[in-house]
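Visitor: here is my input; please provide its structure:
(4 chains)
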Number of protein chains: 4
Amino acid sequence: MWLQTGCNITFDVDIPTPFILMLRPRSGLQQWIARDSYILTPSVPVIEFTDNYGNLCQRLIAPVGEFSIYTSADILTTENIDVEFGAPFEEVQNLPNSVLTYLLPSRYCQSDQFVELAQDIVVDAMPGYDQVAVIVAWIQKNIRFNSESPHFQISAIEVNQQREGVCRDLAHLAIALCRGLCIPARIVVGYLHELEPMDFHAWFEAYVGGRWYTFDPTQSKPKGGRVTLAYGRDAADVAIFNQFGPLLLPRNISVSVEWLRHR
Amino acid sequence: MWLQTGCNITFDVDIPTPFILMLRPRSGLQQWIARDSYILTPSVPVIEFTDNYGNLCQRLIAPVGEFSIYTSADILTTENIDVEFGAPFEEVQNLPNSVLTYLLPSRYCQSDQFVELAQDIVVDAMPGYDQVAVIVAWIQKNIRFNSESPHFQISAIEVNQQREGVCRDLAHLAIALCRGLCIPARIVVGYLHELEPMDFHAWFEAYVGGRWYTFDPTQSKPKGGRVTLAYGRDAADVAIFNQFGPLLLPRNISVSVEWLRHR
Amino acid sequence: MWLQTGCNITFDVDIPTPFILMLRPRSGLQQWIARDSYILTPSVPVIEFTDNYGNLCQRLIAPVGEFSIYTSADILTTENIDVEFGAPFEEVQNLPNSVLTYLLPSRYCQSDQFVELAQDIVVDAMPGYDQVAVIVAWIQKNIRFNSESPHFQISAIEVNQQREGVCRDLAHLAIALCRGLCIPARIVVGYLHELEPMDFHAWFEAYVGGRWYTFDPTQSKPKGGRVTLAYGRDAADVAIFNQFGPLLLPRNISVSVEWLRHR
Amino acid sequence: MWLQTGCNITFDVDIPTPFILMLRPRSGLQQWIARDSYILTPSVPVIEFTDNYGNLCQRLIAPVGEFSIYTSADILTTENIDVEFGAPFEEVQNLPNSVLTYLLPSRYCQSDQFVELAQDIVVDAMPGYDQVAVIVAWIQKNIRFNSESPHFQISAIEVNQQREGVCRDLAHLAIALCRGLCIPARIVVGYLHELEPMDFHAWFEAYVGGRWYTFDPTQSKPKGGRVTLAYGRDAADVAIFNQFGPLLLPRNISVSVEWLRHR
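Guide: Residues are numbered from 1 along each chain as shown, chains lettered A, B, ... in the order given. Sure, this is the predicted structure:
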């Protein structure tokens, strides 16, 4: 299906502020970028580079005054995501080298603290895809999804204590639990068609049966219409905007995802 | 300056044919992609990856029948290129690791065969930028620039024998001569504003004084308004389209570069 | 100075256990490996790969029974480390792309939680090297160095609460404080000549004045004689041995570092 | 089987000369380095880096006077190489991204000039492994193997004209022919047990049936006991020593490969 994604972010900048943005989607196995706009107002020099995870990052210095970022893209993506109960657990020794990093604990996914809980949750599940599905179901049952994002990020340990969180938090907890079972898991940030309320979104992927599968604890059913902006170990790696210096919250963020029915 | 670049390429495909294209410019130090369209007709699955030189490559299988590729982009680039007579030769031991590959001979730049000629040409020049400038002047004087591209690629040795060539050939000869002096040199393919006749273009960069400088033997004066599609050791690395299987020439290629005066 | 480093690690393995080891030092700017032995008993197949940080990693499956790893190397390293009071703070916009990852919070260095404390500590120091030196001095004064390593890793937040820690913990706290000031910082694990008691060691590097400088909160004076095994964001990235499956502690670890005075 | 490989190279250096060496084998899927010595006399600073193909390279400046390089290693490698008649041709669209570079023409393997000859040679062979085997047999029948290495490198076109060549030349011709059929092929330089006369050696690998297979036109039968020093597109990528400046031939090279029967 063809989607038109877009965002508009405005900052009021007091002092020149270095930014790293991750707002340009890359064409990959599951998405093709047919059109892409990326407008900065005022226009400033930008350097784009590829990070360790293969994401495109844009570096710039936001100038003093109103600074806005506008992006828009037409993207071909899949209408459905693959669901594959029975896809087997991949033994660590068989994982590709590039996947190993997604087994390690990270800033918001302290997987070393979740081994026991993970084993309790999946006790009867078949190793692999089914375990991940059981983890997602457990989160949906036990952790309240709260669409209102706080300014302050919490880690999987805190999500588990507070029993509620935003999309990112639910993904972090799921990732920590998967890694606790030696299942590689990574966060994905991007766009989701028909997300309510519309915003940037975060979900996760788990590596079983020789490939990555998509999971989203915030959605009651498997759902396609996804556009990936970035992959990483957790939200520390994939901040849609990372700024350096005094905290600077956007005055406004608007996000849109439209189905291009007739393209 | 803002440029709008575009191309339209049509093939008549007899059997499904794998292609690797390099038609998506990347934002980098010298150019910023503010808008980008990339349309395939008919639409087919594409995988995009980054090659060893940091270029974006698009892999696809062209289906039987008429197959066309249309790209368009709005790009902020520099109106002038840096000219820096006196920029010194960089000793091999001081070159960054990533630059060393551009010292080696390659398919179309047999630099190992050009050591003597290079030394003869630059005999009185100051080591570094001035040597490259002398090489470019020598090519402009001795090799006739022929804008008509043959289907068949020739190497620097043949360019030197035939005493004429297209933009790519002149770049290859210049690169081979630079490397013969231990000056790293790489080919660039992309767009040039006001190129006559308009087409894709090839020029080269040489690494002196701690950075890459742009040179173009086909232009009588230093000229900006350039958009890079890909870097590489020579044309073998940076084919704008690389197809596998029976030779398939495009039925039509049109290229355009417009100055967006009022953007 | 020439050092001979070595380690001997023995495990009693109950079930075949996948391991990732980081026990092969790489030749780099500051060390040259002239001799290197790496013996596994029993001998098992190993795959070596380079991780995202440039470290050599060895993958293998430890077989049931006694499994031991023995390494030994002759390494040329520097007798002193560079000390450069006055080396300036590097503005984020001037950092190389590859350094940016060391500004982000990580599993054990939750730098986002240390901005205020860091600013309090360095209040009068000149931005750059001097700030890092003040952080190191503050840690030496406020956090008790405990050479006995617990099995359980704690993060910078916990180190700061408990006011004591092993070498790794002190490095984590220092790294979190540096990143809180937008100074890139990374952990280093390896060997240190004359460490008391002898063991593997962890310290850190901070990026100021355009390069990485070595700091070690466990040592009262700047001290060379260091051999690097791995770099990373924190201990999660650079586990000397990472095992997957049921916890398996080494029955024995011995580490040695000898000065090859007459080499 | 365990092999002990070694080399000893001596240069008489007139002016300080930058070198890039590829004399340190890496542990990989098919070999494990259990012991490794690398001695430079006199001892000079060395930087080791990984090139685009994953090889370890050592950079140094050879000082004036006698300069010698001595290496020695104990390596576990396979006694036999895999032979797999019937392994199918891999369609270009199914090749991993990282393999695509081995389809392109290169300095010494002008595969674009060998499409017809390759098709003639393999006319009746099953696409894939069998085609490569037929190419190897054709070379063994038509190109005389000459173990005496000239100082001057020739390319596949010249090898085909001269109808004789050293190991490297035979590999280049085979690689050019394979690529002419869209079979990825790469050169390997390293050591071969029982090579007569003993020296560094070059052979090639072709990618069929989803993996790389080893082929060696200089050997009448498939033969293991190989140690890889470097992979690349052709000899331009994998010079065991690459020097910059006036030509400097080694005064002496000795190479040894011993079977460690009792290790």
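
Visitor: spit out the contact partners of the residue of the stretch 151-263 of chain A found nearest chain D.
Guide: Here the residue of the stretch 151-263 of chain A nearest chain D is residue A:210; by CB to the nearest CB that distance is 13.1 Å. Bear in mind the C-beta positions are built from the backbone N, C-alpha and C, glycine included. Residue A:210 makes contact with residue A:90, according to CB atoms under 8 Å, 6 or more residues apart in numbering or on different chains.

Visitor: what about the closest residue to residue A:129 other than its chain neighbours, distance to chain B?
Guide: Excluding the flanking residues, the one nearest residue A:129 by CB to CB, 6 or more residues apart in numbering or on different chains is residue A:87, at 3.9 Å. Per CB to the nearest CB, to the nearest Å, residue A:87 is found 22 Å from chain B.

Visitor: residues touching residue A:87, list them.
Guide: Listed by CB under 8 Å, 6+ apart, the contact partners of residue A:87 are A:128-129, A:208-209, A:213.

Visitor: residue A:63 is in contact with residue A:13, correct?
Guide: Yes - look at residue A:13 against residue A:63 with CB atoms under 8 Å: they come within range, at 6.5 Å.

Visitor: neighbour count: these two, which is higher?
Guide: residue A:13 (18 against 15; other CB atoms under 10 Å in any protein chain shown).

Visitor: and the contacts of residue A:87, which are buried?
Guide: Neighbour-count burial (16 or more other CB atoms under 10 Å in any protein chain shown) is assigned, among the contacts of residue A:87, to A:128-129, A:208-209, A:213.

Visitor: what's whichever helix or strand residue A:253 is part of packed up against?
Guide: Element membership for residue A:253 (DSSP states H and E) is strand A:252-259. Applying 3 or more CB pairs under 8 Å, 6 or more residues apart in numbering or on different chains; DSSP states H and E, one finds that strand A:252-259 contacts strand A:2-13, strand A:185-192.

Visitor: okay, angle between the very next helix or strand once past the last one and strand A:185-192 too, please.
Guide: Right, the one you point to is strand A:185-192. Per DSSP H and E, strand A:185-192 leads on to strand A:201-208 as the next helix or strand towards the C-terminus. Interaxial angle, strand A:201-208 versus strand A:185-192 (axes from the mean of the first three to the mean of the last three CA atoms, to 10 degrees): 140 degrees.

Visitor: ok, strand A:201-208: who's next to it in the sheet?
Guide: strand A:185-192 (antiparallel), strand A:211-215 (antiparallel) (DSSP bridges).

Visitor: who wins for proximity to residue A:236 among those?
Guide: strand A:185-192 (9.4 Å; CB to CB).

Visitor: ok, the residue nearest to residue A:234 when sequence neighbours are not counted to residue A:135 distance?
Guide: Residue nearest to residue A:234 in three dimensions, not counting chain neighbours: residue A:108, with 4.2 Å by CB to CB, 6+ apart. To residue A:135, residue A:108 is 16 Å away according to CB to CB, to the nearest Å.

Visitor: now residue A:84
Guide: Counting by CB to CB, the gap from residue A:84 to residue A:135 is 15 Å.

Visitor: so those two - more neighbours on which side?
Guide: Shown here are residue A:84 and residue A:135; by other CB under 10 Å, residue A:135 has more neighbours (30 against 15).

Visitor: in three-state terms, how would that one be classified?
Guide: Judged by DSSP: H, G, I helix; E, B strand; the rest coil, the three-state class of residue A:135 is helix.

Visitor: quick one: contacts for it?
Guide: Counted by CB under 8 Å, 6+ apart, residue A:135 has contacts A:118, A:121-122, A:174, A:177-178.

Visitor: how about those residues, which pair is most distant?
Guide: Checking the contacts of residue A:135 with CB to CB, the most distant pair is A:122 and A:174, at 11.9 Å.

Visitor: what about those two, which has more around it?
Guide: Set side by side, residue A:122 and residue A:174 show more neighbours around residue A:174, with 28 against 22, by other CB under 10 Å.
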